[in-house]
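> Fold the stuff below for me.
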Amino acid sequence: MAMTIDKPAVSPIPEGFHTITPSLTVHAAAEAIEFYKRAFGAVEIDRATSPDGSKIMHATIQIGSSRIMLNDEFPEMHCKGPLTLGGTPVSQFLYVEDADAFFERAVEGGATVTMPLSDAFWGDRFGCLSDPYGHVWSVATRQRNVSIEEAMAAMQEMGGACGPEADQTS
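Okay, the predicted model is just below:
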């Protein structure tokens, strides 16, 4: 009779990850990791460098309860960051406990405010930052629950405008 050995089960989603994990390409990934630590309170989970040690092929950081993967640019493999491409159409959206404190830390750490914090009509304290590597970060703290109908009515009342210039409640 053959003996079988039970192998440990492999989780289809690794521990600490969610269903979707952003993966950022940046120029100077090692510098970017240090920026994210300083400005966003990130914790570095892991890092794998190229054989010559000159580039980061893969790294994982954690901001709050979410992980983000990142790597250096590898143009020869069509892997380019926002600075090389001239911008990004993507924003990372972070819900944090205190948007004001997060913004203050991020700006002190080198982030640029692209939309000042305001009390948005959809119930969040909300604003946007850009990092020195061309990525955009939307930051919010939920202040009140608003139904989609209430949010749409508030937007209509403002004339359909969106953003801090339209919402003067801050």
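
> If you count neighbours, what's buried in the longest helix anywhere in the chain?
Across the chain, the longest stretch assigned as helix under DSSP state H is helix 29-40. Using 16 or more other Cβ atoms under 10 Å as the test for burial, helix 29-40 gives 29, 32-33, 35-36, 39-40. Just so you know, the C-beta spots here come from the backbone N, C-alpha and C atoms, and that holds for glycine as well.

> try stretch 40-57
Here stretch 40-57 shows 40, 42, 47, 56 as buried, counting by 16+ other Cβ under 10 Å.

> close enough to count as contact, the first one and Arg105?
Yes - here Phe40 reaches Arg105: they are 7.5 Å apart, a contact under Cβ atoms under 8 Å.

> which residues touch the longest helix of the chain?
24, 26, 42-44, 47, 55-56, 59, 61, 63, 68, 70-72, 94, 102, 105-111, 131-133, 137 (Cβ atoms under 8 Å, 6 or more residues apart in numbering).

> Only the buried subset of these, as a ChimeraX command please.
Burial among the contacts of helix 29-40 is assessed by 16+ other Cβ under 10 Å; the matching ChimeraX selection reads:
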select :24,26,42,47,56,59,61,63,68,70,71,72,94,102,106,109,111,131,132,133,137
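
> Inside strands: which ones of the contacts of helix 29-40?
Per DSSP state E, strands hold the following members of the contacts of helix 29-40: 24, 26, 43-44, 47, 56, 59, 61, 63, 68, 70-72, 94, 137.

> Out of those, the closest to Ser147 would be?
Leu94 (23.3 Å; Cβ to Cβ).

> one step back: including distance to Glu150 and pLDDT, could the buried residues of stretch 40-57 go into JSON lines?
Conversion of these to JSON lines gives the following (distance: Cβ to Cβ, whole Å; pLDDT from 0 to 100):
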{"residue": "Phe40", "distance to Glu150": "31", "pLDDT": "97"}
{"residue": "Ala42", "distance to Glu150": "35", "pLDDT": "98"}
{"residue": "Arg47", "distance to Glu150": "45", "pLDDT": "98"}
{"residue": "Ile56", "distance to Glu150": "45", "pLDDT": "98"}
